[in-house]
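>>> Based on what follows, work out the 3D shape:
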Amino acid sequence: MGCRVQLSRCVHVIRVSHLTAFVLVYVLIFLVANVVVLKAYWEQRQRELEEQRQWRQLAAQPVRKPLGGAEAFLQRLQNSVRGSRRPAVFTCADFPTLAVGRRLGFGWSKEVFEATYGGRSAAVKTLYGFCLSLGRGENSVVAVVTELGEPLSQLALLQLSWERRLRLALDAAELLAYLAVSPLGPAALSDLRLEQFLLSGGRLKLTDLDDLQLGEPRCTGPDVCLLPPPAAASAALTRCTAGRCQGYNARRNQALAGERLLGPLLLQGVPAPLNASVTALLASCSAAQLSPTELSGRATELLKLFQRHGYGVTDTGSAVYEAVPNATLPGHNYRCAQSSELGRCWLSVSGPREASALCSADRRCEGYVITNVTTWTGRLMTHFKTRIVTGEVVPEFNSTLYIRQSVR
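Next comes the predicted model:
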């Protein structure tokens with residue numbers, strides 16, 4: 001009879017064995033998963049502890065005397081920071097007060113962390129100061145504390161008014177002029193891209209210094225000092241003097257900036273009166289024909305033209321506008337091409353005459369509100385309105401509502 005007599009017991013034992021095996025496998029999987037998770041957590045925690053150890057070590061160690069040719073470089077760097085318009089406010093002694101937070105990004109040679117120093121956010125852009133601990137191997141740390149900003153991209157530029165982008169173009173021209181005569185010698189940006197810049201307070205800041213090259217290239221003749229295309233096809237050869245391509249870095253920066261920075265900043269939505277001037281400026285940059293001083297002067301001339309002509313719309317006087325002082329009209333917005341904000345027509349004007357011309361040229365516009373908010377060029381920010389209902393007008397100090405009354 002054997003197992004037949006005890007059939008129910010055999011089946012029960014087999015079923016219990018299967019259940020036990022399933023539970024054991026589940027427990028093993030659970031333990032393995034926890035080991036993997038704990039291992040990842042442990043490694044992350046060790047990295048954080050190592051970073052904190054390096055910050056403490058950097059704060060505790062005195063700045064050692066650099067070796068070899070680094071001594072002269074550091075001395076020039078220290079002198080340049082001391083002689084700048086904004087002196088360094090951060091040194092190695094300040095590291096204990098720096099609250100380091102999340103990691104913002106990383107690259108081949110650096111990591112960027114968000115931090116708080118003196119109640120302000122810090123990370124990348126303007127050099128506040130530096131601290132160098134020139135140790136051996138893994139103990140060597142170089143840290144730079146800078147202000148925090150927003151990444152620059154083609155999409156970000158499209159959301160800015162042309163007036164704001166003009167300011168960034170002036171910043172770019174000023175940067176190129178500085179690189180040509182920097183305290184560390186003529187500097188070149190070997191890979192100039194929008195992603196290497198940030199916006200802070202509406203100003204352009206260079207943030208990625210990995211590709212910064214110091215000193216003019218060595219040469220044995222003028223044929224070696226060739227600019228990158230397309231500038232090489234039209235630009236004159238750079239002179240080779242005393243074994244160096246004199247002025248090469250400034251011309252190369254200008255050629256790259258014209259195509260990759262000034263073009264994206266100035267071409268989109270350029271006002272009609274400035275179109276020819278912008279085209280000529282970019283052509284000169286692409287051929288590296290301007291000195292850094294000439295480039296800054298041409299950019300400043302664009303500013304003066306914009307202040308004089310604005311968007312180039314002429315007031316024909318065909319419409320009459322009634323002024324309502326200290327009043328505004330909430331809502332009734334519409335989107336226009338040059339607006340600096342999404343969802344409404346928010347433009348700068350020189351005064352009521354230019355605002356009336358812009359409104360009369362747009363069939364959707366039935367009035368506008370001139371505010372007391374001024375732009376960096378001194379122009380007045382203005383709301384353009386559609387489908388105006390006079391019963392919805394509300395008081396607002398220092399604003400004037402203009403309502404279209406009739407057509408002459």
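
>>> rest of the way, CA atoms for contacts and neighbours
OK.

>>> secondary structure class for residue 264?
helix (DSSP: H, G, I helix; E, B strand; the rest coil).

>>> same question, residue 326
Using three-state DSSP, the three-state assignment for residue 326 comes out as strand.

>>> count of neighbours near residue 156?
Counted with other Cα atoms under 10 Å, the burial measure for residue 156 works out to 11 neighbours.

>>> Same check on residue 336?
Using other Cα under 10 Å as the criterion, the residues surrounding residue 336 number 18.

>>> same deal with residue 373?
Counted with other Cα under 10 Å, the neighbours of residue 373 add up to 13.

>>> mind checking which helix or strand it is in?
Remark: residue 373 resides in strand 367-374, with elements defined by DSSP states H and E.

>>> Which strands and helices lie in contact with the helix or strand following that strand?
Beyond strand 367-374 in the direction of the C-terminus, DSSP H and E gives the next helix or strand as strand 380-385. With contacts defined as 3 or more Cα pairs under 8 Å, 6 or more residues apart in numbering; DSSP states H and E, strand 380-385 has these neighbours: strand 345-349, strand 367-374.

>>> tell me the angle of whichever helix or strand comes after the shortest one relative to strand 367-374?
The one in question is strand 345-349. Scanning forward in sequence from strand 345-349 by DSSP H and E, the next helix or strand is helix 352-360. Taking axes from the mean of the first three to the mean of the last three Cα atoms, to 10 degrees, one finds that helix 352-360 is oriented at 140 degrees with respect to strand 367-374.

>>> Could you list the buried residues of helix 352-360?
Buried residues in helix 352-360, counting neighbours by 16 or more other Cα atoms under 10 Å, are found at 352, 354, 355, 356, 357, 358, 359, 360.

>>> domains of this structure?
Taking automatic domain parsing as the domain assignment, the ranges for the chain are 19-148, 154-309, 319-407.

>>> Can you list the strands that the strand holding residue 373 pairs with?
Taking DSSP bridges as the criterion, strand 367-374 sits next to strand 380-385 (antiparallel), strand 394-407 (antiparallel) in its sheet.

>>> Counting neighbours, which bits of the longest one end up buried?
This means strand 394-407. When neighbours are counted by 16+ other Cα under 10 Å, the buried residues of strand 394-407 are found to be 399, 400, 401, 402, 403, 404.

>>> gap between the closest residue in space to residue 164 that isn't next to it in sequence and residue 373?
With Cα to Cα, 6 or more residues apart in numbering as the measure, residue 202 is the residue that lies nearest to residue 164, at 7.5 Å, once sequence neighbours are left out. According to Cα to Cα, to the nearest Å, residue 202 and residue 373 sit 16 Å apart.

>>> Check residue 266 too.
Using Cα to Cα, one obtains 24 Å as the distance from residue 266 to residue 373.

>>> do the same with residue 352
Shown here: residue 352 relative to residue 373, a distance of 14 Å by Cα to Cα.

>>> same deal with residue 342?
Shown here: residue 342 relative to residue 373, a distance of 18 Å by Cα to Cα.

>>> Where do the helices of this protein begin and end?
Under the criterion DSSP state H, the chain contains helices at 2-5, 7-60, 70-82, 154-158, 162-180, 231-234, 248-257, 263-266, 275-286, 292-309, 352-360.

>>> Now for residue 345, how many residues are close by?
Neighbourhood size, residue 345 [other Cα under 10 Å]: 21.

>>> Return the distance of it relative to residue 369.
Taking Cα to Cα as the measure, residue 345 falls 11 Å from residue 369.

>>> Tabulate the buried residues of helix 352-360 (CSV), appending pLDDT.
Output for these, formatted as CSV (pLDDT from 0 to 100):
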residue, pLDDT
352, 93
354, 92
355, 93
356, 93
357, 92
358, 92
359, 93
360, 91
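
>>> Reformat the residues you listed into a markdown table and put distance to residue 289 next to each item.
As requested, these are arranged in a markdown table below (distance: Cα to Cα, whole Å):
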| residue | distance to residue 289 |
| --- | --- |
| 352 | 40 |
| 354 | 36 |
| 355 | 38 |
| 356 | 41 |
| 357 | 38 |
| 358 | 37 |
| 359 | 40 |
| 360 | 42 |
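
>>> can you pull the contacts of residue 177?
Residue 177 sits next to 250, 292, 293, 296 when contact means Cα atoms under 8 Å, 6 or more residues apart in numbering.

>>> now, among these, which is nearest to residue 333?
Among these, residue 296 lies closest to residue 333 (Cα to Cα), at 37.6 Å.

>>> quick one: residue 372 and residue 380 touch, right?
Yes: with contact taken as Cα atoms under 8 Å, residue 372 and residue 380 are classed as touching, separated by 6.4 Å.

>>> residue ranges with poor pLDDT in the stretch 151-300 of the chain?
Low-confidence regions of the stretch 151-300 of the chain, defined by pLDDT under 70, span residues 222, 230-237.

>>> hmm, back to that, most tightly surrounded among the helices and strands packed on strand 380-385?
Ranked by average neighbour count under the criterion mean count of other Cα atoms under 10 Å, the helices and strands packed on strand 380-385 are headed by strand 345-349 at a mean of 24.

>>> strands paired with it, and their directions?
strand 380-385 (antiparallel).

>>> can you pull the buried residues of the strand it pairs with?
For strand 380-385, the neighbour count (16+ other Cα under 10 Å) marks 380, 381, 382, 383, 384, 385 as buried.

>>> try stretch 271-280
Judged by neighbour count using 16+ other Cα under 10 Å, the buried positions of stretch 271-280 are 271, 273, 274, 277, 278.

>>> hang on, the fourth one packs against residue 303?
Translated: residue 277. No: no contact is recorded between residue 277 and residue 303 when judged using Cα under 8 Å, the distance being 10.9 Å.

>>> Relative to residue 101, which of the helices and strands packed on strand 380-385 is closest?
strand 367-374 (36.2 Å).

>>> Contacts for that closest one, please.
Residues lying outside strand 367-374 but in contact with it, judged by Cα under 8 Å, 6+ apart, are 321, 328-329, 348, 352, 355, 359, 380-386, 388, 398-404.

>>> redo that, cut-off 6 Å
When contacts are taken as Cα atoms under 6 Å, 6 or more residues apart in numbering, the neighbours of strand 367-374 outside the stretch itself are 380-385, 398-404.

>>> Equivalent analysis for stretch 382-402, please.
Stretch 382-402 is touched from outside by 321-329, 332-333, 345-348, 364-372, with contacts defined as Cα under 6 Å, 6+ apart.
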